[in-house]
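Colleague: the amino acid sequence is not available; the structure is as follows:
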Ligand SMILES: Nc1ncnc2c1ncn2[C@@H]1O[C@H](COP(=O)(O)OP(=O)(O)OP(=O)(O)O)[C@@H](O)[C@H]1O
Ligand SMILES: Nc1ncnc2c1ncn2[C@@H]1O[C@H](COP(=O)(O)OP(=O)(O)OP(=O)(O)O)[C@@H](O)[C@H]1O
Ligand SMILES: [Mg+2]
Ligand SMILES: [Mg+2]
């Protein structure tokens, strides 16, 4: 294999263990200037661990790190990585929620100081946001905590590409599109292509294989802490990539479920109207239906789900909900996980009420449920009693799935729940959703991936907080969803 | 400052305030009650126009200083103060004096020269305990000392008096000393903790109000009850009476009468009336001996403190130095 | 095998407070030349129980998340003591009524605290502080600082011992075990832990967040009320300032015992360790005869040393 | 939607000022005499040391810690100020500097060993009190003349306490909220991991914040003895609670680095004035303590009403 002349980073035989878990088992990875490397692999394959090492955030147990040809294994840390032009957008966002967009840019750049630092920081981040995400609505003085997770992700990405005095050679993007809608993700990938053409290297981690195939020049496939394939992107197609990842699933077109499709009948489980809706359009879900909530990110889909969740059990003016409701959070850090608890406790919390025997929770039953769902969702961990934070991002998300699907809720709300879930699991989850729906469960599914709408029986498109279009399964096309997302629709 | 001599001899239009820093024990409650009773009468008799009591919500010097400043603003003619600290209120007291207000301190006195002081000789209160003990136990022996709150001047004064007494009667030795913070529960707790490590204790010297707690602790530890100096609380007196009836137990009890607030009131009234009053007055403490036990117990409210209230004539006598 | 035991114990935050307790006790005994070791322990158990009772209530409150703390414990103790001693009026037959009233006072104060926090959105620290002023005033107005003796049966029960072990401490031990079970194995306990980690996530996981918080503030105040009653039985009457020292002590035993102030993680056995430790620490320094200043400095430094030895491994949020 | 956030946020930051205004109006109504240079001066003098202690607490809260030792620390400073600083100024200054250094070290210990700040500061509160009792076994001592002079300064038109409060609030506001390093310090409370990932030293941030708390504790103690003219080990025991309450009243949150220096100063003023209002109300002695609580509740309830009304 011919190597490009200038290596920005060169990792050799990097190994890293967390207790009994071997996250990296001797990985080699080199990135040349002007190269876009795609990094793919199942949940828990070790991708985030690897980029954490690359960014200087984790010191590996073993291995050698060369930056620009120089061996700096022993003095490599966040600071030196930054000085050598290596930036990272971490999977779990690292912005300060109490600060503004501009102030977060300042944190990133030691040199942004002096009299007019505020103005310069605002200009810097504003310009970069404009460049990457034209048409965004983020202001430099917005406070991060007020932004939706998608916008936060946009800020963090833009920040990683800003330059003051330190060079910018390599940007590592760990699942940058997980909370972005298709349009915004497209903007980002286009920008990455331009940036790479200008000579900056990028490592892109994503579970959306299309993104990786369409953007990267080389693809590295990881499995169980090791690299199992590393070839030019052109040498892969979707199927070969999936099989290289070791996931044996049939990737095939989805047929509408014959039982209910198009019928829109049965008991009405949810009836809800947006508070801002002026016409009488409303969201209706019948028993056993999978309802899609589409549109660009941040246009009120989460709000609608929360409104329905709040109305469950007591009802309110705008929403009527029949039966218990469970929600699967997309923003797992703020809405989902209990960071001090084990994986098992995180899974069972929603179902404990049913396990109470003579006032006490039955621990056997609790353990059994954890074990069952570890297996059903294939949560990758040696022990369900380990802390939830020892899981990789995608596996944490699977635990949240298990929490909702394992509960007694007849209605399951999903707030863009596939963020960071790998291809193999996704397909299993799609299957599971269809089975559960066939069994009478109702799903309300907000997704930013248009492909996922194909699994829905009926789709509502949101724009500016209201429903602008509802599309039966047989009329669903990408073009119609997009046009409704952008214009007051048909 | 205003010239007191030329002030009107009639005090019927004068307003007097009581600045109090703590209300959380029976002594302070009795003090406030006596104040209310005596000044209420004085107001309805037309001797003064108003005599209100003010208590801070926290026992804090800074709060009381702010309270005094607010009383200045309210336009009182005299402020009677039981101070949280002898020195730290001086700033506020000075401001009051500068505004022409008469300041009379009692119990917890202030050192600011412009104020009057109705002082209790706390040192003496400590010393007489040892004098009494020397009479009762000529051979001497081991003592346990229960102190008050560390860093507060009353604690230090009484302690100094006790030390002096021990120096004078060298047959006594303090083998243990704990801080009871003048709270019965705290005292009981501290004594119970140190007792097991102590040799035989002949007597317990206290600062008032801790006697019953000490007795409880001795009982709980299964040790013989030593001679415990009491502090005029009704529960202490009742316990003493019980012991006396059962086994002829003998001790003494000493503390200041909460009614000293009423003395301070009359002194303030006298000053406003234009009388010549020396800046430093001394008030005797209230001592109960074996012989007075029954009478004192009868006149003391159940759960309260032995008390004496002062009349205008008593005040005149104190002012005249009798 | 021993390695396993050691590493198990290392993982338990409460072990440190017990080690510290043992060390302080040993130091005292060595100083006295072996005299009174048992009696010191007896005394420690009899007094620590009150700190333990209010400490458990405080622990549940603190566990419901950052900012949650109950500062009304001392005032509630004072009010309960004042009202119940007056009500029982030294009659044994009225003890049951006294207990009910003590718990009732706790419920009222707890509900009041919660309403301030919920309806008026006052931060708990200020809400419970303001409430405590009102409660303290009520105690003053009702009891006027009078010290009424408890019914003899109550006094006997609170001071009774079996072979040197206070009966009250035994009851307390059973109670602690129950509360440990409540925390780990009941819906309410899990809810407290979940709410403490992330209130929003707890709501989305189907937990009744508000009911959990209400019950927690009620629990804390009820335990304060109960301990006011017991303490007035133990020390021969109530007084207005009898709860004062429990303001800091209740918080101190919770955090020294290994409960996380950031919420979501509680430690029940640690409360016993910390309460005994604090009591024996004072006893040790009293026994050494250190001056007040030195005593304070040493207790501070010892507390910091213990927490430094114990901490470190613990992940703080 | 963004306007919604903005308005709510602006309203929230205006609340401390609002509650103060309500309280002042009530005071002026019940006691018109208070509405004067003299009156404001008297009512607000003791707010200055409390405001300084509140700011000290706020620095610690910024980095997600809590300081239970600030009260006794202010007491210790007062004792040193009334003894060594008066009798041997050089030694006094050295001791005060040492105290600030100890504060910074306390921050370092908490960070390095990952300790709960509540326990460490609780322990230190005993240490400070113990040293204070050793320095000044009984209340007394004399404050240096210049401190007394400073605290009784007569400024034309506006009473000194108000001038002092405004100056202090603005200086800290500028340093913490608008300077470029202030951002890093607040970020250290918001997301310590992110700040560390950007290459900043968390140890340094903690030490600076605790050091600043020490500095403001010293300022608080010195201004306090300027008013009281002498020291007392217990003089500021309650400052711990006041400072926390003041900071929270001023809009600070226990975690997440959300603080407001101006708010903290306003919170301290509100707490002080709540005490004054009580005296003007003439409540019966039994209920005076309770009335203090009721006033606090009323002021805060009003806030809740306003913020809820406008949020709709
Ligand atoms: N702090 C930690 N403690 C223990 N185990 C950890 C820790 N961080 C990661 N792991 C484990 O290391 C393995 C690799 O995790 P990593 O986050 O690198 O996976 P990933 O490839 O990024 O997965 P995903 O696609 O889900 O993000 C996983 O098994 C995970 O459970
Ligand atoms: N009732 C509610 N309670 C709590 N938070 C809410 C509520 N409604 C909306 N939010 C939060 O307010 C933010 C703004 O919501 P927005 O209108 O952007 O809709 P969104 O569809 O959730 O955005 P996104 O698609 O990025 O998740 C979101 O982060 C959401 O979580
Ligand atoms: Mg990952
Ligand atoms: Mg959303």
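Modeller: Structure's in. What do you need? These figures come from a predicted structure and were not determined experimentally. Ligands and ions are numbered 1, 2, ... in the order given.
Colleague: can you pull out the helices in the stretch 51-200 of chain B?
Modeller: Using DSSP state H, counting those that start in this stretch, the helices assigned to the stretch 51-200 of chain B run over residues B:61-74, B:90-98, B:122-136, B:153-168, B:184-194.
Colleague: residue D:262: which of the ones you listed is closest?
Modeller: Residue D:262 lies closest to helix B:61-74 among the helices of the stretch 51-200 of chain B, at 22.3 Å (Cβ to Cβ). (Glycine included, C-beta is placed from N, CA and C.)
Colleague: now check that closest one, is it near chain D?
Modeller: Yes. Using Cβ under 8 Å from any Cβ of the partner chain, helix B:61-74 reaches chain D at B:61-63, B:65-67, B:69-74.
Colleague: likewise stretch A:144-161?
Modeller: Yes. Interface with chain D: stretch A:144-161 contributes A:145-146 (Cβ under 8 Å from any Cβ).
Colleague: tell me which helix or strand in the chain has the weakest average pLDDT.
Modeller: Defaulting to chain A. Least confident helix or strand of chain A, by mean pLDDT, DSSP states H and E, is helix A:478-486 with a mean of 81.
Colleague: would you pull up how far that helix lies from the middle of the chain?
Modeller: 22 Å (Cα atoms, centre = their mean, to the nearest Å).
Colleague: show residues contacting that helix.
Modeller: A:182-183, A:294-296, A:299, A:450, A:453, A:459, A:461-463, A:468-469, A:471, A:489-490 (Cβ atoms under 8 Å, 6 or more residues apart in numbering or on different chains).
Colleague: right, is it up against ligand 2?
Modeller: No. Helix A:478-486 does not reach ligand 2 (Cβ under 6 Å from any ligand atom); its nearest approach is 11.8 Å.
Colleague: would you map the strands across the stretch 101-250 of chain A?
Modeller: Using DSSP state E, counting those that start in this stretch, the strands of the stretch 101-250 of chain A run over residues A:170-174, A:201-205, A:218-223, A:226-232.
Colleague: most packed of these?
Modeller: Neighbour counts (mean count of other Cβ atoms under 10 Å in any protein chain shown) averaged over each of those peak at strand A:201-205, with a mean of 26.
Colleague: circling back to that earlier point, among the helices of the stretch 51-200 of chain B, which comes closest to residue D:74?
Modeller: Across the helices of the stretch 51-200 of chain B, residue D:74 has its closest neighbour in helix B:61-74 (9.7 Å, Cβ to Cβ).
Colleague: still on that earlier bit, now the strands of the stretch 101-250 of chain A as CSV including distance to residue A:131?
Modeller: CSV is the format used below for these (distance: least, Cβ to Cβ, whole Å):
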stretch, distance to residue A:131
strand A:170-174, 14
strand A:201-205, 15
strand A:218-223, 25
strand A:226-232, 28
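Colleague: looking at the ones you listed, which is nearest to residue B:281?
Modeller: It's strand A:170-174; of the strands of the stretch 101-250 of chain A, that one is closest to residue B:281 (Cβ to Cβ) at 80.9 Å.
Colleague: elements contacting the closest one?
Modeller: Contacts defined by 3 or more Cβ pairs under 8 Å, 6 or more residues apart in numbering or on different chains; DSSP states H and E place strand A:170-174 against helix A:47-54, strand A:86-89, helix A:149-161, strand A:201-205.
Colleague: is there proximity between that strand and ligand 3?
Modeller: No. Judged by Cβ under 5 Å from the ion, strand A:170-174 and ligand 3 are separated, with a smallest distance of 6.0 Å.
Colleague: for that strand, the distance to its chain's centre please.
Modeller: Strand A:170-174 has its C-alpha centroid displaced from the chain centroid by 15 Å (Cα atoms, centre = their mean).
Colleague: direction included, what does that strand pair up with?
Modeller: Looking at strand A:170-174 with DSSP bridges, its partner strands are strand A:86-89 (parallel), strand A:201-205 (parallel).
Colleague: the shortest one near ligand 1 anywhere?
Modeller: It stands for strand A:86-89. No. Counting by Cβ under 6 Å from any ligand atom, ligand 1 is not contacted by strand A:86-89; separation bottoms out at 12.7 Å.
Colleague: show me the contact partners of that strand.
Modeller: With Cβ under 8 Å, 6+ apart as the test, strand A:86-89 has contacts from A:8-9, A:51-52, A:54-57, A:67, A:81, A:156-157, A:160-161, A:168-174, A:176, D:197.
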